[in-house]
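Peer 1: Give the three-dimensional model of this entry:
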Amino acid sequence: MRSMLRKAPGRLGKFDRKLVRAVSDFPGGHHDEFFRRLSAAANKGKLWFGIAAVMALFPGRTRRAALHGLLAQAVASTVTNLGFKTLLPRARPLPEHLPAFRFVHPQPKSSSMPSGHSASAVAFVLGAGLVRPALGAALAPLAAGVAYSRVHTGAHWPSDVFFGSAIGAGAALATRKWWPVRPPVPAIRRTAVKAAELPDGTGLGIVVNTLGGSYAEQTAAALQKVFPKAYIREVARHEDLAEKIGRLASRPGIVALGVWGGDGTVGTAAAAAVEHDLPLLVLPGGTLNHFARDAGTPHLTAALEAATRGEAARADLGLVEVQRGLPDSPELLRLTMLNTASVGLYPNLVRRRELLQPALGKPVAGVVAMLRTFAAGTPTTLIVDGVRHKLWILYIGRGRYYPRDHAPLLRPVLDDGVFDLRMITADESFARLRLLWSVLTGTVATSRITHLSEARSIRVEPGDTTMVLAVDGEVMPGVRAVEFSVLPSALTYYSPAS
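Peer 2: As a prediction, this is how the structure comes out:
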């Protein structure tokens, strides 16, 4: 087989010459210039890079299709140019085989077997089509045109094109597990309950954290316009946030507690709401407020609607018991956890991803953030439920988050009674290379370095002295041990029934 491909004798040579003669018999016309330009546009993959750049402008599956197509093209090009062209040297068609006005000049000097243009074209289009079938079908005629143009211009024998196309298809299929299409997120489910109705904010006490990232002097006034009968209390930089929230919750006439701020502020307010048996109205504010999104109140209109109608639901809380200080005089802190906790590089990853997401979209921003974070990061040794690990990331979500990889974003159920435990380990050999490869191919969720599980309680201790713990965005250094447990249906929060 190798000899046949290299020298093209016998039947294969006759087949090639017969097809080339048929092509040479085509009358000349504008199509000659078209195929010459099309062939030139695909040199070094420029045509596909340009199409991928346009596709990248559209977030979601179109952008993922572009990325998958480029990955398949890179594999096909590498295998063709560094592999088969070296192993199977073959002379290209001669000028006498085609009309002079059609023959490509200058002719490539590399081996004719196989066609790199065809391999790249089929790999990109089929790779993109595995993610977006309709898009792949639309691009298929273009790939076929590029492949044919190599015969039409005398750059390749037909068998070179067939072999290159097969390599491209094989590359696309081989990479089909890379950047897989994420499974659908489960439907949002709420355990609905009735809470106090708050027309115009009657009986509502709202605390505003002036340290929130999006705070402005007009914030309190804007909230007062939406809830004209609410009592609004701003907490300044020098004031104790927990104390002020506690006082507001115990104020006579307050039947519901509202909070404007980031995740840390909302967590403090949730603890006060549970202590004083009040429903919590989470208002969108602060730098990050993931709970407002999960609760269905990402904007003031939704919050007003739920508060006015008294529509609410139940949510679990996480109880976090933190041991800090010296071994002979430990300090015990009890915190309320609404969203997530982490040890390791996860906070840096989240910050980078949030900064890049508006420009790049979620999937690409997650990849770039991962590469930047782990290229220079170092793992941490932790003891998780009695088992020692070397970890890049220990992530704990209060409830199941989706997608099931390194970039959890959505939480459709707030009272499922579990912690979402994710560990990206560095225990394995070539840990950093394994990690970066899984990031590049989008296979973090299925990689051996990723461990996904669920638990109702978790204990974490540092492997050496102390560790840095982040709970709902609040960072605590000097932690000697931490225990997590679930408080089922502890919080009542306002959420639109729709």
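
Peer 1: And the average pLDDT for stretch 140-155 is what?
Peer 2: Stretch 140-155 shows a mean pLDDT of 91.

Peer 1: actually stretch 216-227, not the one I wrote
Peer 2: Mean predicted lDDT for stretch 216-227 stands at 92.

Peer 1: Quick one: list the elements packing against the top strand by length along the chain.
Peer 2: With secondary structure taken from DSSP state E, the chain has its longest strand at strand 474-494. If you count contacts as 3 or more C-beta pairs under 8 Å, 6 or more residues apart in numbering; DSSP states H and E, strand 474-494 packs onto helix 263-275, strand 280-284, helix 300-309, strand 311-326, strand 329-337, strand 457-462, strand 467-471. Every residue, glycine included, has its C-beta placed from N, CA and C.

Peer 1: Quick one: mean pLDDT for that strand?
Peer 2: Here the average pLDDT along strand 474-494 is 94.

Peer 1: hey, which helix or strand in this protein has the poorest pLDDT?
Peer 2: Among the helices and strands of the chain, helix 2-7 carries the lowest confidence by mean pLDDT, DSSP states H and E, at a mean of 44.

Peer 1: A strand includes His451, no?
Peer 2: Yes. With DSSP: H, G, I helix; E, B strand; the rest coil as the criterion, His451 is part of a strand.

Peer 1: that older thread, nearest to Ala376, out of the helices and strands packed on strand 474-494?
Peer 2: With C-beta to C-beta as the measure, strand 467-471 is the member of the helices and strands packed on strand 474-494 nearest Ala376 (17.0 Å).

Peer 1: Give the other helices and strands that the closest one contacts.
Peer 2: By 3+ C-beta pairs under 8 Å, 6+ apart, strand 467-471 packs against strand 340-344, strand 474-494.

Peer 1: Now render the ones you listed as TSV, adding distance to Leu87.
Peer 2: Listed next are the helices and strands packed on strand 467-471 as TSV, based on distance: least, C-beta to C-beta, whole Å:
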stretch	distance to Leu87
strand 340-344	45
strand 474-494	55
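
Peer 1: Could you save these as a markdown table and add columns showing distance to Ser447 and mean neighbour count?
Peer 2: A markdown table is the format used below for the helices and strands packed on strand 467-471 (distance: least, C-beta to C-beta, whole Å; neighbours: other C-beta atoms under 10 Å):
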| stretch | distance to Ser447 | mean neighbour count |
| --- | --- | --- |
| strand 340-344 | 16 | 24 |
| strand 474-494 | 25 | 18 |
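
Peer 1: Quick one: closest of these to His276.
Peer 2: strand 474-494 (11.5 Å).

Peer 1: how far does that closest one sit from the chain's center?
Peer 2: 25 Å (C-alpha atoms, centre = their mean, to the nearest Å).

Peer 1: now the angle from it to helix 263-275?
Peer 2: Between the axes of strand 474-494 and helix 263-275, defined by axes from the mean of the first three to the mean of the last three C-alpha atoms, to 10 degrees, the angle is 50 degrees.

Peer 1: Any idea which of the helices and strands packed on strand 467-471 gets closest to Val193?
Peer 2: Using C-beta to C-beta, the helices and strands packed on strand 467-471 put strand 474-494 closest to Val193, at 6.0 Å.

Peer 1: Pull that closest one out as PDB, backbone CA atoms only.
Peer 2: Extracted in PDB, the C-alpha atoms of strand 474-494 (Å, rounded to 0.1, in the frame of the first residue of the first chain):
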ATOM      1  CA  GLU A 474     -15.000  36.900  51.600                       C
ATOM      2  CA  VAL A 475     -11.400  35.800  52.000                       C
ATOM      3  CA  MET A 476     -10.100  34.500  55.400                       C
ATOM      4  CA  PRO A 477      -6.400  33.700  55.900                       C
ATOM      5  CA  GLY A 478      -4.900  31.700  58.800                       C
ATOM      6  CA  VAL A 479      -7.600  28.900  58.800                       C
ATOM      7  CA  ARG A 480      -6.600  25.700  60.600                       C
ATOM      8  CA  ALA A 481      -9.800  23.700  59.900                       C
ATOM      9  CA  VAL A 482     -13.300  24.200  58.500                       C
ATOM     10  CA  GLU A 483     -16.400  22.100  58.600                       C
ATOM     11  CA  PHE A 484     -19.400  22.500  56.300                       C
ATOM     12  CA  SER A 485     -22.900  21.300  57.000                       C
ATOM     13  CA  VAL A 486     -26.400  21.900  55.400                       C
ATOM     14  CA  LEU A 487     -29.200  23.700  57.100                       C
ATOM     15  CA  PRO A 488     -32.200  22.400  55.200                       C
ATOM     16  CA  SER A 489     -34.900  24.900  54.000                       C
ATOM     17  CA  ALA A 490     -33.600  27.400  56.600                       C
ATOM     18  CA  LEU A 491     -34.100  30.600  54.500                       C
ATOM     19  CA  THR A 492     -37.300  32.000  53.100                       C
ATOM     20  CA  TYR A 493     -36.500  34.400  50.200                       C
ATOM     21  CA  TYR A 494     -38.700  36.400  47.900                       C
END
